[in-house]
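**Student:** sequence below, structure please.
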Amino acid sequence: MTGRLALTFDDRHVDNWVAARPLIDAVDARVTFFVVEADLLDHREQAGIRTLLADGHTVGSHGARHRNADQAIVLDGPTAYLADEIDPSVQALRALGATASAFAYPNSRRDESSDAVLLQRFKHLRGGGPRTGDPIAAAHAVSPPGSAVRVHPGRGMDTARGDHPHPADADVLSGMLRRLADHGGTLVLYAHDIAASSPANHVHPDRLRHVLSEATALGLDLVGMDDLPHTEGHRER
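**Tutor:** Now for the predicted structure:
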């Protein structure tokens, strides 16, 4: 069974996402962009989102104001949280033509209660976790073949935030990709801005190019979150 790699990018770096299209198009990949503040996008950003959608990419929600879901649901209650943080985001994205059927947790903050609330609205949720250098621990981010996982742990691949580098874990990531190729399953990776330098969390274009090239050489399917299987009511991880 062919392994699936879902590359995802968070926040509101629309201009640089659009500028990175040649990198992604070069290997005919489909990726997912999780947009925050979708209701505040200006005309240029809205046009950029439409361009990414026209390319066949998935656009999902990262919340209206990037609130920590686990905290907000406890403080406000599920109904108010959905009305204030989720509905404006989904409505704005759907007005641009997105399905908005997937959600990425801001700051990777989630728990079983938030999963239960958000799985009522979304087909897939993406969390995150520490970038361990232990290959065995890292392998837990790979969902096994044949599973219909709806809550994906995710694995970061940013290279830096401002001048502060993230862990140099290219070897670990390569091992995860090889595991996908050898055994199948699904891996969701996440980054933010796509740039050689940025004050935000960002993946260097060279690293993105390497990941895309390695995944393609291994024969992995490069898919968006909308392409992943799901089963209503089924939750894992």
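**Student:** report pLDDT for E236.
**Tutor:** At E236, the pLDDT value in this model is 41.
**Student:** now swap in M1 and tell me
**Tutor:** So, for M1, pLDDT stands at 67.
**Student:** next: H140.
**Tutor:** 87.
**Student:** just Y190 next, same as before
**Tutor:** 98.
**Student:** ramachandran coordinates for it?
**Tutor:** phi -140, psi 150 (degrees, to the nearest 10).
**Student:** report the buried residues of stretch 118-136.
**Tutor:** L118, L119, F122, K123, H124, L125, R126, G127, G128, R131, T132 (16 or more other CB atoms under 10 Å). Bear in mind the C-beta positions are built from the backbone N, C-alpha and C, glycine included.
**Student:** can you list those residues in CSV and add secondary structure, distance to L96 and pLDDT?
**Tutor:** Shown next, in CSV, are the buried residues of stretch 118-136 (DSSP: H, G, I helix; E, B strand; the rest coil; distance: CB to CB, whole Å; pLDDT from 0 to 100):
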residue, secondary structure, distance to L96, pLDDT
L118, helix, 21, 98
L119, coil, 24, 97
F122, coil, 17, 98
K123, coil, 19, 97
H124, strand, 19, 97
L125, strand, 21, 98
R126, strand, 20, 97
G127, coil, 25, 95
G128, coil, 25, 91
R131, coil, 32, 88
T132, coil, 36, 87
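**Student:** out of these, what pair is the most spread apart?
**Tutor:** The distance between the two most remote of the buried residues of stretch 118-136 (CB to CB) is 27.7 Å, for K123 and T132.
**Student:** check which helices and strands the helix or strand of the chain with the lowest mean pLDDT is in contact with.
**Tutor:** In the chain, no helix or strand scores lower on mean pLDDT, DSSP states H and E than helix 135-138, which sits at a mean of 87. Secondary-structure packing of helix 135-138 (3 or more CB pairs under 8 Å, 6 or more residues apart in numbering; DSSP states H and E): helix 170-183.
**Student:** contacts for the helix it packs on next, please.
**Tutor:** Helix 170-183 is contacted by residues 3-5, 131-133, 135, 138-139, 141-142, 144-145, 155, 157, 185-187, 189, 207, 210-211, 214-215, 218-220 when judged by CB atoms under 8 Å, 6 or more residues apart in numbering.
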